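Chemist: 3D model of this:
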Amino acid sequence: QVQLVESGGGLVQAGGSLRLSCAASGRTFGNARMAWFRQAPGKEREFVAAISWSGRVSDYADSVKGRFTISRDNAKNAVYLQMNSLKPEDTAVYYCAGQESGGSWYDYDYWGQGTQVTVSS
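Modeler: Numbers count the residues shown, from 1 in each chain. You can find the predicted model right below:
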C-alpha cells in the first residue's frame, strides 16, 4: 500500500519560514515526478510545485516563485518544500503527491493526508 506522509506544518508569523517533508512508503518514487499542492478554506486545491524524478527540473506556481523551493532525496524516498517569506495567503493544508508514471505535471495518482500551514499577520 502506497503511503505519503507529510510533516513540518505549523503556525508561523508572516515573513517566517517552514520546511515541509513528505515520506513515501510502499513504492519507490525515485523514478517518478512528485509535487506539492495546497487547499485553503473555501477554495479548490491548487498546484504549488513539482519536481522531476532526477531533481534537475522543477516547476512552481507564480504565487510562490522565488519564495518556495522543492527538493527531493531519492535515497530516502522523500520530497521537501522549503517555504520562505511566508504570507498570510499561504495559509492552507499542504498535500504531497506522487505520480505512477509520466504525464502532466499537474496530475497525480497518490496523495498524502495533508499538513496544516497557518501564517499569521
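
Chemist: Find the centremost residue of the protein, please.
Modeler: In the chain, the residue lying closest to the centroid (CA atoms, centre = their mean) is Trp36, at 2.4 Å.

Chemist: Are we agreed that it is in a strand?
Modeler: Yes: Trp36: assigned to a strand according to DSSP: H, G, I helix; E, B strand; the rest coil.

Chemist: Give the closest residue to it in space, chain neighbours not counted.
Modeler: In space, and not counting its chain neighbours, Trp36 is closest to Val48: 4.4 Å by CB to CB, 6 or more residues apart in numbering. All C-beta atoms are positioned from the backbone trio N, CA, C, and that covers glycine.

Chemist: Give me the distance from the helix or strand where Gln116 lies to the chain's centre.
Modeler: Assessed by DSSP states H and E, Gln116 sits inside strand 115-120. Taking CA atoms, centre = their mean, to the nearest Å, one finds the center of strand 115-120 at 13 Å from the center of the full chain.

Chemist: same deal with stretch 98-108?
Modeler: 14 Å.

Chemist: For that stretch, list the C-alpha coordinates in PDB.
Modeler: Provided in PDB are the C-alpha atoms of stretch 98-108 (Å, rounded to 0.1, in the frame of the first residue of the first chain):
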ATOM      1  CA  GLY A  98       3.300  11.400  -6.400                       C
ATOM      2  CA  GLN A  99       2.800  10.100 -10.000                       C
ATOM      3  CA  GLU A 100       2.500   6.400 -11.000                       C
ATOM      4  CA  SER A 101       4.100   7.200 -14.400                       C
ATOM      5  CA  GLY A 102       4.900  10.100 -16.700                       C
ATOM      6  CA  GLY A 103       2.200  12.500 -17.700                       C
ATOM      7  CA  SER A 104       1.100  16.000 -17.000                       C
ATOM      8  CA  TRP A 105       3.000  17.900 -14.400                       C
ATOM      9  CA  TYR A 106      -0.300  18.700 -12.700                       C
ATOM     10  CA  ASP A 107      -2.000  15.200 -12.500                       C
ATOM     11  CA  TYR A 108      -1.000  12.800  -9.700                       C
END
